[in-house]
Structure formats: C-alpha cells, structure tokens
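Q: any chance you could fold what I've pasted below:
(2 chains)
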Amino acid sequence: ETGVTQTPRHLVMGMTNKKSLKCEQHLGHNAMYWYKQSAKKPLELMFVYNFKEQTENNSVPSRFSPECPNSSHLFLHLHTLQPEDSALYLCASSQNRVPSADTQYFGPGTRLTVL
Amino acid sequence: GQNIDQPTEMTATEGAIVQINCTYQTSGFNGLFWYQQHAGEAPTFLSYNVLDGLEEKGRFSSFLSRSKGYSYLLLKELQMKDSASYLCAVSGSGGSYIPTFGRGTSLIVHP
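A: Now for the predicted structure:
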C-alpha cells in the first residue's frame, strides 16, 4: 500500500466509449502524474499537475483529457480511444514537482483494454 | 536524445547475488532512481543516487558513476519474492527533474 489508489483496476472499453480513470493520494503531496506503461516499453510520462495546475503535457493526443480538481485527486478522461492505447495507466504523486529529494509514489494502475 | 539502457531479462538462483546494470546518455543529470515493480502492482522506490559511489540498504545496494553514465543495482541473498521488474530512471534528463525511465529488467529468481 503506497498511499495512492486507482480505480478501476481493470477496464475494457470500445473505441466509441467514454470512460474515466480516477486516482487519489492520501499522502498530502502537491504533485500528481499520469504515466502510460506498455509491454516492453519504458514508462511514458503523460501529464503532470503541481498544486492543481497542469505543468506538463507530453504531447499526449487529445483523446486523453486530464482533470485535477484538487491536490488529492486526478482523473484521466478517455474518449474515442484506439486499440494501441491499451496499456497500464499509472498514477503517481510526489511532495512537489521536484522529486530530487522526494520520490514518486505510484498507484497500482488501471489495466486498460481497448477493443 | 535521452537514452537509458537496461537488460530486458535476467535469471538467478535463490540465495545468490545478482547485479542489474543501467547505462544512460542524457542531456542533463540530477540523480538516478531504482524502482521495483511486481507483476500487477505499483512500482515502489528502492534507491536514489546523486553522488558517485555505493549506497547500501540491507540486501539491496545501488552504485553510481556519473562520469561513465553507469549505475547498477546489487541484490544479495536472493529470495523468490525478489522476482520482479527493476526500473532505472534518470532525473534531470533534458533539463527536467521528472524522471525518465528505462524499459525495466525482469528478474526471475528460481529455486
């Protein structure tokens, strides 16, 4: 248990569906992150929020839309996804956006399958 | 460009010692992380090296040589539960403090 929870743990959706992934951290951190993890590929940073403000968008397609209503919650809204978007989506948090002294704490991920 | 290399897979015997290497070529460096990720679970922090040398934490040690762009994670007295993926990540790559991850090394420990 890392203090970061994600729901759902598994999601299967069609290309025309709209769904949302939720992340919640109970650590009092100020920065939150979305990563994509595909088989045989490095973790890919998608978005970074610091104090609820988006500070990084790593050239992510617009079919992925993040939302950060407060420092404890982070959402990833999904619509018209492609099969190649199937992956493990990991949420992480850190005390601030400079993790050189603070590590990132990861949630267990949502395993997404797009049919 | 940013490049972080790790072996894809390694196998070792219970009770043995294994060294997982990571080499990096990045346009900036602040520090290097090692994470452990069991199948279906969250990556968890193992170590963070900023300065050259070896840092020991129980059965796990991590080494860094900044001049060589090289790190390794050393696991001693291997246990079955050490079977996992080990992720190397560099902070400061491209001028960003956010870590850039390697592909990970899948370690299989057998009896």
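
Q: what residues are bridge-paired with residue A:113?
A: residue A:12 (DSSP bridges).

Q: my guess is it contacts residue A:11. True?
A: Yes. Here residue A:113 reaches residue A:11: they are 7.2 Å apart, a contact under C-beta atoms under 8 Å. All C-beta spots, glycine's among them, are computed from the backbone N, C-alpha and C.

Q: the two: which is more packed in?
A: residue A:11 (18 against 13; other C-beta atoms under 10 Å in any protein chain shown).

Q: where do the strands sit along the chain?
A: Looking at chain A here, since you left the chain open. Taking DSSP state E as the criterion, chain A carries its strands at A:4-7, A:10-13, A:18-25, A:31-37, A:44-50, A:53-57, A:64-70, A:73-79, A:87-94, A:105-106, A:110-114.

Q: oops, wrong one, chain B.
A: Going by DSSP E, chain B shows strands at B:3-5, B:9-13, B:18-25, B:31-37, B:44-49, B:53-57, B:60-65, B:70-75, B:84-91, B:100-101, B:105-110.

Q: quick check: residues of chain B near chain A?
A: Within chain B, the residues that sit near chain A (C-beta under 8 Å from any C-beta of the partner chain) are B:4, B:8, B:30-31, B:33, B:35, B:40-45, B:48, B:50, B:87, B:89, B:91-92, B:96-104.

Q: and those residues, which are buried?
A: B:4, B:30-31, B:33, B:35, B:42-43, B:45, B:48, B:87, B:89, B:91-92, B:96-104 (16 or more other C-beta atoms under 10 Å in any protein chain shown).

Q: about what we covered before: out of the strands of chain A, which gets the lowest mean score?
A: Looking over those, mean pLDDT reaches its minimum on strand A:53-57, with a mean of 82.

Q: off-centre distance for it?
A: 12 Å (C-alpha atoms, centre = their mean, to the nearest Å).

Q: likewise stretch B:80-92?
A: 5 Å.

Q: state the mean pLDDT of it.
A: On average, stretch B:80-92 scores 94.

Q: who touches both of residue A:113 and residue A:11?
A: By C-beta atoms under 8 Å, 6 or more residues apart in numbering or on different chains, residue A:113 and residue A:11 have no common neighbours.
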